[in-house]
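Novice: Take this sequence and fold it.
(2 chains)
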Amino acid sequence: QKEVEQNSGPLSVPEGAIASLNCTYSDRGSQSFFWYRQYSGKSPELIMFIYSNGDKEDGRFTAQLNKASQYVSLLIRDSQPSDSATYLCAVDVYSGAGSYQLTFGKGTKLSVIP
Amino acid sequence: ETGVTQTPRHLVMGMTNKKSLKCEQHLGHNAMYWYKQSAKKPLELMFVYNFKEQTENNSVPSRFSPECPNSSHLFLHLHTLQPEDSALYLCASSPEARGALYEQFFGPGTRLTVL
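Specialist: Take a look at the predicted model:
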């Protein structure tokens, strides 16, 4: 059973602080890693993807990948109340015949306190 | 219309009803997906279509029947559902389903309630 684990939270941070969201995965063959944001009652929207070890920055968001430790994280700098949402980690898992499936974690609920 | 659209947005049905969910993508993608999202559970992949061919069926009960007439449209036909099937059903699309590099774009979902 290929799994993606996240702390369910809620993770509460004050406005302006750095929010750190973590994710571990079990399939060593995974190559693509995604962070989705899901507001309550809405569908997931892609905010970051990372394929290589190291850091990838996009505005206030930084994704970090460590394949040796099977660990991927998302940092949100200068957190804003509008960042309050559930963050889903998704990892591609090989399902055979050249196909990959995205396996999602349960998500971490982030609350940014004004 | 842009992105991925789904209709209806809300659906209440009895256990003996037959209904269908519709998804349409306007992104020129070749792969489409059905997911189920229940409370306190991760997104569950149900079906994958790549270039109109079904490539994945994740042990979904036969009371859920997908149909993909072309790369832009995807349906989920529902019949004799159970109350535990109540959930948010999400459609997604991506450029293709083969290979490790792809990003999925989600529709707004259909909130299904089975009475």
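
Novice: okay but B:L115 is in contact with B:T16, surely?
Specialist: No - taking CB atoms under 8 Å as the definition, B:L115 is not a contact partner of B:T16, at 10.3 Å. (Each C-beta comes from the backbone N, C-alpha and C, glycine too.)

Novice: could you point out which element follows the lowest-mean-pLDDT helix or strand in chain B?
Specialist: In chain B, the helix or strand scored least confidently by mean pLDDT, DSSP states H and E is strand B:53-57, which has a mean of 82. Following strand B:53-57 in sequence order, the next helix or strand is strand B:64-70 (DSSP states H and E).

Novice: could you say what helices and strands that following strand packs with?
Specialist: Using 3 or more CB pairs under 8 Å, 6 or more residues apart in numbering or on different chains; DSSP states H and E, the elements in contact with strand B:64-70 are strand B:31-37, strand B:44-50, strand B:73-79.

Novice: Ranked by average pLDDT, which of the ones you listed falls at the bottom?
Specialist: Ranked by mean pLDDT, these bottom out at strand B:44-50, with a mean of 91.

Novice: quick revisit: the least confident helix or strand of chain B: partners in the sheet, and parallel or antiparallel?
Specialist: In the sheet, strand B:53-57 lines up against strand B:44-50 (antiparallel) (DSSP bridges).

Novice: Run the angle between the partner strand and strand B:64-70 for me.
Specialist: 30 degrees (axes from the mean of the first three to the mean of the last three CA atoms, to 10 degrees).

Novice: and the angle from strand B:44-50 to strand B:73-79?
Specialist: 130 degrees.

Novice: ok, which residues in chain A are in contact with chain B?
Specialist: A:4, A:31-32, A:34, A:36, A:42-46, A:49, A:51, A:88, A:90, A:92, A:95, A:97-107 (CB under 8 Å from any CB of the partner chain).

Novice: Point out the ones among the residues you listed that are inside helices.
Specialist: Applying DSSP state H to these, no entry is found in helices.
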